[in-house]
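Q: next comes the sequence, and after it the predicted model I'd like to discuss.
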Amino acid sequence: MMPVTRIAGRAIPFGQANVDTDIIIPAEHLKTISRVGLGRFAFETLRSLPDNLFNRPENVEAPILIAGDNFGCGSSREHAVWALMDMGVRAVIAPSFSDIFSGNAFKNGMVTVALPQAVIDRLLATAAQGWVEIDLDAQAVTTSAGDRFGFDMDAFRRECLMEGRDEIGLTLMSEGAIDAYEAQALQLGWQMTSARVA
């Protein structure tokens, strides 16, 4: 997982509430275990509509999505996060997230920032005119319009995102202890085998 401390750029002013994972990526595209290429199916139904937000040139590969309440609800498909990331989205700002979506996002290095609806409304109003930046170190969202909004994030998740540590990376931090345990278990196994033979 790549470390992330700041994400800045265009923000797609989506704003819709209760967007479930089937809207993010329809079920018929879940037959792959590859994360590559799923971005073309992200928001497929909405992108088929004329003049939709996602296909506008200024929003293509925008790194931030501004969404409504309860983003990522529905089924637990990790493909939803994969599809968003493959289309260029590295962070989602919303009033709240489904727990499963938020967990999947974290495990894949996507940043989720929860802010009150009044702040989301302000971000939706200003996103079209400039950039938005998420700073994990400062725990703040700023905009080219001069706004600054602080946010809270679980300290463990924040540290893992900033250091680029996924579950494998966290396990490898204990590699010495794991090796010592395995050596001890192997030695104990040999001793038990020898005792049975004797």
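A: Sure thing, it's come through.
Q: contact partners for residue 84?
A: When contacts are counted by CB atoms under 8 Å, 6 or more residues apart in numbering, residue 84 touches 24, 39, 42, 65, 92, 110. (Each C-beta comes from the backbone N, C-alpha and C, glycine too.)
Q: cool, residue 70 as well?
A: Neighbouring residues of residue 70 by CB under 8 Å, 6+ apart: 17, 18, 19, 94, 96, 97, 98.
Q: with respect to residue 133, which of those is nearest?
A: Using CB to CB, residue 94 is the member of those that sits closest to residue 133, with 16.8 Å.
Q: any idea how many residues pack against residue 129?
A: Neighbour count for residue 129, taken as other CB atoms under 10 Å: 9.
Q: leaving out sequence neighbours, find the closest residue to it.
A: Computed as CB to CB, 6 or more residues apart in numbering, the closest residue to residue 129 that is not its neighbour in sequence is residue 145, at 6.6 Å.
Q: for residue 130, see how far away the one you found is.
A: 6 Å (CB to CB, to the nearest Å).
Q: who are the contact partners of the residue nearest to residue 129?
A: Residue 145 sits next to 126, 129, 130 when contact means CB under 8 Å, 6+ apart.
Q: which helices and strands does the helix or strand containing residue 124 pack with?
A: Following DSSP states H and E, one finds residue 124 within helix 117-126. Helices and strands touching helix 117-126, by 3 or more CB pairs under 8 Å, 6 or more residues apart in numbering; DSSP states H and E, are strand 11-13, strand 64-66, strand 91-94, strand 140-143.
Q: could you export the ones you listed as TSV, including mean neighbour count, mean pLDDT and distance to residue 103?
A: Output for the helices and strands packed on helix 117-126, formatted as TSV (neighbours: other CB atoms under 10 Å; pLDDT from 0 to 100; distance: least, CB to CB, whole Å):
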stretch	mean neighbour count	mean pLDDT	distance to residue 103
strand 11-13	25	97	23
strand 64-66	27	98	18
strand 91-94	26	98	13
strand 140-143	18	98	21
